[in-house]
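1. Provided below are the primary sequence and the corresponding predicted coordinates.
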Amino acid sequence: MKHLILYSTIAGGFFAQSEALDAAVARSREEVGEDVWKRGFSGNARGGATAVLRSYLDGACILPMAMEGLLNYVNYRENIDGNGNVYPKLRIGLQAGNDDQYTISLDLKSDVAQRLIVKLNNCLPGEWVKISAWPSPIERAGRTFINHAASIKDADGTEIPVSADFSTKLKEECTKVDNALRAVGVTDVKVIATAKANKRIESHKELLLKIRAVFVSESERV
């Protein structure tokens with residue numbers, strides 16, 4: 001059986017896409033309101049988006065799913081809406097032990113997608129892996145921000161390392177973007193942050209396309 005798997009930044013876990021999931025999300029979003037919903041993960045805070053969504057999920061018997069199996073598919077995909085807006089995606093395919101096929105679909109701009117890509121670069125087609133992701137609170141200047149961490153472990157439980165060279169180069173590229181904008185008088189923090197975010201998306205897409213080529217070549221030989 002095939003399952004499309006999504007990561008919920010609100011609930012903090014992987015869930016199989018379904019009408020029941022869509023309904024739980026819609027009801028939660030309506031109950032808490034857009035302002036609260038857009039704040040994202042809120043832990044156990046009463047009335048927060050996370051607590052409300054988890055309550056609806058529990059009521060519908062929808063549980064987070066453990067993602068593990070044979071890594072048989074890595075791909076880049078673009079979804080296009082009715083207005084022509086393009087949404088780049090990371091797609092990961094896992095063949096589970098019960099023969100279920102899981103396809104994890106993640107926005108390329110997301111923490112989880114980008115953190116998985118730099119690990120997928122060190123994975124092999126057909127390798128047994130366990131993929132997980134979770135909210136990771138960060139304290140900065142007296143405020144709490146929520147990032148989302150990600151992990152890929154092999155069959156022995158050993159963490160797959162990131163591509164250190166890529167991460168170092170990307171950091172340098174983002175610094176160049178920052179410096180170039182400031183050199184021409186751009187000081188708006190949001191403008192600079194957006195430019196750096198776009199650079200990260202572009203770089204991770206390039207790496208993802210290289211990874212995809214390895215998986216395509218492997219499947220063609222089988």
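-> Arrived safely.
2. Secondary structure class of the residue lying closest to residue 5 once chain neighbours are set aside, three-state.
-> Using C-beta to C-beta, 6 or more residues apart in numbering and skipping residues adjacent in sequence, the residue nearest residue 5 is residue 104, 4.5 Å away. C-beta coordinates here come from the backbone N, C-alpha and C atoms, glycine included. Look at residue 104: counting by DSSP: H, G, I helix; E, B strand; the rest coil, its state is strand.
3. Now name the helix or strand holding residue 139.
-> strand 128-140 (DSSP states H and E).
4. Also residue 84?
-> Using DSSP H and E, residue 84 falls outside every helix and strand.
5. That one: neighbour count?
-> The number of residues packed near residue 84 is 6, by other C-beta atoms under 10 Å.
6. Kindly report the same for residue 109.
-> 15.
7. Please report how far it lies from residue 50.
-> Look at residue 109 and residue 50: by C-beta to C-beta, to the nearest Å, they are 21 Å apart.
8. quick one, helices of the protein?
-> Under the criterion DSSP state H, helices of the chain are mapped to 19-32, 34-38, 49-59, 111-120, 164-183, 189-221.
9. Of all those, which one is nearest residue 145?
-> Nearest to residue 145, of all the helices of the chain, is helix 111-120, at 11.0 Å by C-beta to C-beta.
10. so that closest one versus strand 128-140, what angle?
-> Here the directions of helix 111-120 and strand 128-140 differ by 130 degrees (axes from the mean of the first three to the mean of the last three C-alpha atoms, to 10 degrees).
11. Does residue 1 touch residue 103 like I think?
-> No - contact criterion C-beta atoms under 8 Å: residue 1 and residue 103 do not qualify, at 11.7 Å.
12. So between these two, which is more surrounded?
-> residue 103 (15 against 9).
13. which residues touch the more buried one?
-> 2, 3, 4, 5, 73, 91, 92, 93, 94 (C-beta atoms under 8 Å, 6 or more residues apart in numbering).
14. so which of these is the most crowded?
-> residue 92 (25 neighbours).
15. what's the pLDDT at the closest residue in space to residue 191 that isn't next to it in sequence?
-> Among residues not flanking residue 191 along the chain, residue 181 sits closest, at 7.1 Å (C-beta to C-beta, 6+ apart). According to the prediction, residue 181 has pLDDT 95.
16. What separation do you get for residue 161 and residue 92?
-> When residue 161 is compared with residue 92 (using C-beta to C-beta), they lie 18 Å apart.
17. Going by neighbour count, list what's buried in stretch 157-165.
-> Buried residues in stretch 157-165, counting neighbours by 16 or more other C-beta atoms under 10 Å, are found at 160, 162, 163.
18. Check stretch 171-186 too.
-> Neighbour-count burial for stretch 171-186 [16+ other C-beta under 10 Å]: 174, 177, 178, 181.
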